[in-house]
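Undergrad: pasting the sequence and the predicted coordinates here, then a few questions.
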Amino acid sequence: MDVAVAIERVENNGYRARSGEPLAASAEGDTREQALDRLRTVLAEKLATGVEVVQLRVPSASSSVPIWPDDEFIRAWLAGIADARRRADEHPLPWEEPEPEQH
């Protein structure tokens, strides 16, 4: 598992390595490597005690709600956008023309 870790110098005391949620922990050491090793140990101990990190997908409450009303004005507006896109695709501007295929 990869964990994002912040490493900072501690004035007159070496280095501190910190991780954030969901595995928040901190460890200090005389060197960066020692601080990282100590933090790795702390995090491994948390995971060994049964702490589990998972990703959970939660459905959006608004996913089934339309962005705009479904009425004649909106349908005409969307049809106008589709027509403009079709015309633009048929006659692209010179700087939008695709490069010719090279063999």
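TA: Sure, I can see it.

Undergrad: residue ranges in this protein under the pLDDT threshold?
TA: Low-confidence segments of the chain (pLDDT under 70): 61-66, 96-99, 103.

Undergrad: quick one: the strands in this protein?
TA: 5-10, 14-19, 25-29 (DSSP state E).

Undergrad: do you know which of the ones you listed lies nearest H91?
TA: strand 5-10 (53.2 Å; CB to CB). For glycine as for every other residue, the C-beta is placed from the backbone atoms N, C-alpha and C.

Undergrad: returning to that earlier point: need the strands of the chain in a markdown table (columns: mean neighbour count and distance to P94).
TA: As requested, these are arranged in a markdown table below (neighbours: other CB atoms under 10 Å; distance: least, CB to CB, whole Å):
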| stretch | mean neighbour count | distance to P94 |
| --- | --- | --- |
| strand 5-10 | 13 | 50 |
| strand 14-19 | 18 | 53 |
| strand 25-29 | 17 | 58 |
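
Undergrad: so what's D2 up against?
TA: Contact partners of D2, counting by CB atoms under 8 Å, 6 or more residues apart in numbering, are absent.

Undergrad: now it: phi and psi?
TA: Note on D2: backbone dihedrals following degrees, to the nearest 10 are phi -100, psi 140.

Undergrad: begin at 34, not 1, for the rest of this chat.
TA: In the new numbering, first residue 34, that becomes D35.

Undergrad: distance check, it against A121.
TA: 44 Å (CB to CB, to the nearest Å).

Undergrad: what's the answer for P102, then?
TA: On the measure of CB to CB, P102 and A121 end up 26 Å apart.

Undergrad: ditto for R51
TA: 51 Å.

Undergrad: check A57 too.
TA: Counting by CB to CB, the gap from A57 to A121 is 51 Å.

Undergrad: give me the more crowded residue out of P102 and A121.
TA: Higher neighbour count among P102 and A121: A121, with 11 against 8, using other CB atoms under 10 Å.

Undergrad: what's near enough to touch that one?
TA: The neighbourhood of A121, defined by CB under 8 Å, 6+ apart, contains no residues.
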